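Asks: Below is the sequence, then the predicted model.
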Amino acid sequence: MTHTLILSAILFATGLVTVIIKRNAIMVLIGIELMLNAANLNLIVFSRNNPSLSGQFLALFVIVVAVCEAAVGLAIVLRVYKYYQTSVPDQVHELKD
Amino acid sequence: MNLTEVALYAFEILAGAAALAILFVRNVFHAALLLIVCLTSLAGVFVIYNAEFIAVTQILVYAGGVLVLIIFGVMLSSRITGKPLLVSNQYLLPASFIGVLSTVIFIKLFSQQHFYQHPGAIPGNRISQTGIILMSDYVLPFEIAGILLLIALLGAAVIASSFNPKSNNGK
């Protein structure tokens, strides 16, 4: 059990570092997916033999929200690319037309 | 060490290696493929930890949905700018400091605790129990999740479409 928790710690740290260092919005979304899956892994591990299955259901709803976030995020990324022709989130600093 | 433990360690090593490799690749397309390798091996870990339904959902949703979305995003945005998507890095030193620090803190926390676990396995068929609980105790969150997915689908389509209200011809 402890090694799976260590794996989830590594996944979370990797996602966090990916969000910070990559100069591309799609890579930032990939990092967020990694962090959400680290949380999911912990939920599954802790509810391993739980007969009420509550941890598994929380993980299920986390997956649903992660999918919504990815869809809307990628749509926004595409829109921003069309307008600014840039891939760096830091260079997008105004919302005006 | 039986076969289940070997499979668990193999899936975990594969997931960790793929996640670490995302940090070092420069091509966004390769990063998306590595993400799918990581998430699919996590589904294997979920199966071993008695969460078969979540594992199947993970494979369906990530390999079928999110991978296609991310690859669409990569290909459409590289079509707009006309060059392949290569990423450079920024803030390398503070980010690696934060990453190592959070890993050390989490591992220290996890290895010092002794977590309670239910003794024995879950009785009965877990998949059918999952369906029954999802349709009885969790039916309200289930429906709200459906509505959320519908809203996200519509919102993503509206945001990504090239409809411009100022020009009346719709393109």
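Replies: Right, received. Where do you want to start? Numbering: from 1, shown residues only, chains lettered A, B, ... in the order given.
Asks: Helix or strand with the lowest mean pLDDT in the chain?
Replies: Going with chain A. Of all helical and strand segments in chain A, the minimum by mean pLDDT, DSSP states H and E falls on helix A:54-84, at a mean of 89.
Asks: right idea, wrong chain: chain B
Replies: Within chain B, confidence by mean pLDDT, DSSP H and E is lowest for helix B:67-81 among all helices and strands, at a mean of 82.
Asks: Tell me the buried residues in it?
Replies: Across helix B:67-81, burial judged by 16 or more other C-beta atoms under 10 Å in any protein chain shown covers B:67, B:69, B:70, B:71, B:73, B:74, B:77, B:78. To be clear about C-beta, it is placed using only N, CA and C from the backbone, and glycine gets the same treatment.
Asks: Any chance you could list what contacts it?
Replies: Contact with helix B:67-81 is made by A:26, A:29-30, A:70-71, A:74, A:77-78, A:81-82, A:85, A:87, B:28-29, B:32, B:35-36, B:84-85, as judged by C-beta atoms under 8 Å, 6 or more residues apart in numbering or on different chains.
Asks: Type out the ChimeraX command that picks the buried ones from those residues.
Replies: The ChimeraX selection below is limited to those of these classed as buried (16+ other C-beta under 10 Å):
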select /A:26,29,30,70,71,74,77,78,81,87 /B:28,29,32,35,36,85
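Asks: nearest spatial neighbour of the most centrally placed residue in chain B, skipping sequence neighbours?
Replies: Compute the mean C-alpha point of chain B, and by C-alpha atoms, centre = their mean the closest residue is residue B:39, 5.6 Å away. Closest residue to residue B:39 apart from its sequence neighbours, by C-beta to C-beta, 6 or more residues apart in numbering or on different chains: residue B:62 at 4.4 Å.
Asks: and the residue nearest to the centre of chain B, what is it in contact with?
Replies: A:33, A:37, B:58, B:62, B:63.
Asks: Mind splitting chain B into its structural domains?
Replies: Domain segmentation of chain B under automatic domain parsing yields B:1-91, B:125-171.
Asks: For residue B:113, find the nearest of those domains.
Replies: For residue B:113, the closest of the domains of chain B is domain B:1-91, at 17.8 Å, according to C-beta to C-beta.
Asks: and the least confident helix or strand of chain A, what does it pack onto?
Replies: Packing partners of helix A:54-84 (3 or more C-beta pairs under 8 Å, 6 or more residues apart in numbering or on different chains; DSSP states H and E): helix A:25-46, helix B:52-58, helix B:67-81, helix B:126-136, helix B:139-160.
Asks: hey, which of these is tucked in deepest?
Replies: Among the helices and strands packed on helix A:54-84, helix A:25-46 has the highest mean neighbour count (mean count of other C-beta atoms under 10 Å in any protein chain shown), at a mean of 22.
Asks: So what's the gap between that one and the chain middle?
Replies: For helix A:25-46, the separation from the chain centroid amounts to 5 Å (computed by C-alpha atoms, centre = their mean, to the nearest Å).
Asks: Just the mean pLDDT for it, thanks.
Replies: Averaged over helix A:25-46, pLDDT sits at 92.
Asks: of all the helices and strands packed on helix A:54-84, which lies closest to residue A:60?
Replies: Taking C-beta to C-beta as the criterion, helix B:52-58 is the member of the helices and strands packed on helix A:54-84 that comes nearest to residue A:60, at 6.0 Å.
Asks: hey, C-alpha coordinates of that closest one in PDB?
Replies: Provided in PDB are the C-alpha atoms of helix B:52-58 (Å, rounded to 0.1, in the frame of the first residue of the first chain):
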ATOM      1  CA  GLU B  52     -12.800  -2.500 -11.700                       C
ATOM      2  CA  PHE B  53     -15.600  -0.100 -12.700                       C
ATOM      3  CA  ILE B  54     -13.300   2.900 -12.200                       C
ATOM      4  CA  ALA B  55     -10.600   1.200 -14.200                       C
ATOM      5  CA  VAL B  56     -12.900   0.600 -17.200                       C
ATOM      6  CA  THR B  57     -14.200   4.200 -16.900                       C
ATOM      7  CA  GLN B  58     -10.600   5.400 -16.800                       C
END
